[in-house]
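Asker: Okay, sequence plus prediction incoming.
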Amino acid sequence: MDGVCDICKKPRKRTISRNRKNKQLVCHYCYVKFFHKRLCCKCGKTKSAAKRLPDGSYLCIKCGGYHGSGKNGTCSICNKTKPVRKNLTDGLFRCYQCHCKKFRSAVCVKCGRYRVIAKLTEDGPTCGICYKKTLIGKCVSCKKKKVIHAKKRCGACYHRLLRKQKNYA
């Protein structure tokens, strides 16, 4: 539903729902911030709920783990007991903060600059600018040299194709 959120007064194109209690239009951001607070069964604080357990209780974002993982363990970098995930590149368990510190920035193998890493390629870490250059090719629809989105088409031609397919379906 489109409209203006009655709480933050910002126009939102998506995710606006009508609050059942007072019939307000509420965007997703305000809903999570003001209405989706639950008592965390682990820490006992009332916070935004990240995960609902099978018994009906809730976990907050901190106790529920980053990206919804509820497994606590010892981080291999900071040695603190926190929600951790196994890293696919080296197999070590890291907490969210240490994962971001390690993989957020590095020296790009293409340009040699210390930048935010967009992709870990076979050659090594690649920044967003260099990675985008590898995606440039000739679009099969408009024949222009652009960043290839999907099915050998640029973003505009690919979305045009999807709209056509949706209209015929």
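Answerer: Here it is on my side, so go on.
Asker: Tell me how many other residues surround the closest residue to residue 57 other than its chain neighbours.
Answerer: The shortest distance from residue 57 to any non-neighbouring residue, by C-beta to C-beta, 6 or more residues apart in numbering, is to residue 41 (3.9 Å). To be clear about C-beta, it is placed using only N, CA and C from the backbone, and glycine gets the same treatment. Neighbour count for residue 41, taken as other C-beta atoms under 10 Å: 14.
Asker: One more: the one 5 residues further on?
Answerer: For residue 46, the neighbour count with other C-beta under 10 Å is 12.
Asker: circling back: okay but the residue nearest to residue 57 is in contact with residue 54, surely?
Answerer: No - applying C-beta atoms under 8 Å, one finds residue 41 not in contact with residue 54, separated by 11.8 Å.
Asker: hang on, the earlier thing: phi, psi of the residue nearest to residue 57?
Answerer: In terms of degrees, to the nearest 10, the main-chain angles of residue 41 are phi -80, psi -10.
Asker: Let the chain start at 23 from now.
Answerer: Understood, numbering begins at 23; the last thing we discussed is residue 63.
Asker: Pull up the gap between it and residue 78, please.
Answerer: 9 Å (C-beta to C-beta, to the nearest Å).
Asker: do the same with residue 51
Answerer: Residue 51 is 26 Å from residue 78, by C-beta to C-beta.
Asker: between the two, who's got more neighbours?
Answerer: Legend: neighbour count by other C-beta under 10 Å for residue 51 and residue 78, higher for residue 51 (14 against 7).
Asker: Can you check my assumption that that one lies in a helix?
Answerer: Yes - if the criterion is DSSP: H, G, I helix; E, B strand; the rest coil, then residue 51 is within a helix.
Asker: Identify the residues contacting the residue lying closest to residue 97 once chain neighbours are set aside.
Answerer: Leaving aside its chain neighbours, residue 97 sits nearest to residue 117 (4.2 Å; criterion: C-beta to C-beta, 6+ apart). Neighbouring residues of residue 117 by C-beta atoms under 8 Å, 6 or more residues apart in numbering: 88, 97, 99-100, 102, 104-106.
Asker: cutoff 6 Å now
Answerer: Neighbouring residues of residue 117 by C-beta atoms under 6 Å, 6 or more residues apart in numbering: 97, 104, 106.
Asker: Which one of the residues you listed is nearest to residue 135?
Answerer: residue 97 (28.8 Å; C-beta to C-beta).
Asker: Next one: the closest one, what pLDDT does it get?
Answerer: Here the pLDDT value assigned to residue 97 is 82.
Asker: do the one 3 residues further on as well
Answerer: Per-residue pLDDT puts residue 100 at 83.
Asker: Next: the one 3 residues further on.
Answerer: Among the per-residue scores, residue 103 holds a pLDDT of 82.
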